[in-house]
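K.L.:
below are the sequence and a predicted model for it; my questions follow.
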Amino acid sequence: MRKLAFLLRPKWLVLAAVVLAFAFLCFSVLAPWQLGKNTSTSERNDLITRSVDADPVPISDVLTANGFPAEDEWRRVIAPGSYVADSDVLVRLRSIRDQPAYEVITPFVIDGGPTVLVNRGYVLPVEGTRAPEFEAAPAGEVTLNARVRQAEGTSREPVEDDGRLQVYNINPEQIGAAVGVDAIDGYLQLDDAQPGGLGLIELPQTDAGPYLSYGLQWLAFGIMAPLGLAYFARAEIRERRNSRAELADAMSGEPDTEPEDEAGPDAEEEFTLPTRREKRARARAASRETTPSDPRLADRYGKNR
């Protein structure tokens, strides 16, 4: 466990917390967000594809007490009734073919039924962003061919600009309260060449989009982040092990610096000059030494010679 003690240092703890938080977000927020968009896009494309091939049905066949069911979105319907006069609402911040636009919403009373909002189409702004004048909805009884749409959420409160009520989302409850009608949930989007129609809003493209690949990428990132942390931790352990091995090798290879107490058998004796006392002792010893010829020399030449 001592080898892993460095993981308890502050910098490693912070790094681990960041990596784990990122992985948690990938699995719990980012990947589900993209995969959810892919699912909703695929469901929308299926509904559009089925509606293109299906014949229109009376609106009473898809109308319920709570509005339009989600599974009937984009379905083509026939709706007889009449527009509510002087109740147009503009939807801001729309885009048509990469150009800014307004969409025009007008309440419509179904014969023998409730009131529903109708998206009559789009108009382009003039003089920058100012809303243009547009043709009013026809009075009297008309029959509309339209597609069922689900209501949008709300983001901001309605505003009034250039004498016209403007909203940011198509929300029947909000718009109905603003113009004084009780509209059902959901709305109708006009087909081409319909009474009161303006610029045609085309069907969206039915491609799946990049959401599935984005979702899979976030899942991959969520897996790779902890693996990357483990890789760097393993590299740190390996580096520390190598450093300890190099230090041990360096210590074992140092020369022995302890002094030698005993000389080896081949060691040479250190030469020193004799002292004065040693010289006198050597001289006396030399004078006492005699040889076998000393007595004969003494008798022949005399002892003191």
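P.N.:
Now that the structure is in, tell me what you want to look at. Numbers count the residues shown, from 1 in each chain.

K.L.:
can you pull out the strands in this protein?
P.N.:
57-58, 76-83, 89-96, 99-110, 115-123, 141-149, 159-161, 164-167, 183-190 (DSSP state E).

K.L.:
parallel or antiparallel, which strands does the second one pair with?
P.N.:
Take DSSP bridges as the rule and strand 76-83 pairs in its sheet with strand 57-58 (parallel), strand 99-110 (antiparallel), strand 141-149 (antiparallel).

K.L.:
out of the strands of the chain, which comes closest to residue 223?
P.N.:
For the strands of the chain, distance to residue 223 was read as Cβ to Cβ. The smallest value, 36.9 Å, belongs to strand 89-96. Glycine gets a C-beta too; all of them are placed from N, C-alpha and C.

K.L.:
do you know how far the closest residue to residue 38 other than its chain neighbours is from residue 119?
P.N.:
In this structure, residue 38 finds its nearest non-sequential neighbour in residue 211, 3.6 Å apart by Cβ to Cβ, 6 or more residues apart in numbering. Here residue 211 is placed at a distance of 26 Å from residue 119 (Cβ to Cβ, to the nearest Å).

K.L.:
which one's more surrounded, those two?
P.N.:
In this view residue 211 and residue 119 are compared by other Cβ atoms under 10 Å, and residue 119 has more residues nearby, 21 against 18.

K.L.:
and the residue lying closest to that one once chain neighbours are set aside, bridged to which residues?
P.N.:
Among residues not flanking residue 119 along the chain, residue 189 sits closest, at 4.5 Å (Cβ to Cβ, 6+ apart). Applying DSSP bridges to residue 189 gives these bridge partners: residue 119, residue 147.

K.L.:
what's around residue 189, how many residues?
P.N.:
Neighbour tally, residue 189, other Cβ under 10 Å: 19.

K.L.:
that one: what's it in contact with?
P.N.:
118, 119, 146, 147, 149, 201 (Cβ atoms under 8 Å, 6 or more residues apart in numbering).

K.L.:
recalculate using a threshold of 7 Å.
P.N.:
119, 146, 147, 149, 201 (Cβ atoms under 7 Å, 6 or more residues apart in numbering).

K.L.:
ok, now how distant is it from residue 98?
P.N.:
Taking Cβ to Cβ, one finds residue 189 at 20 Å from residue 98.

K.L.:
quick one, which of the strands paired with strand 76-83 is nearest to residue 70?
P.N.:
When those are compared (using Cβ to Cβ), the closest one is strand 141-149, at 9.8 Å.
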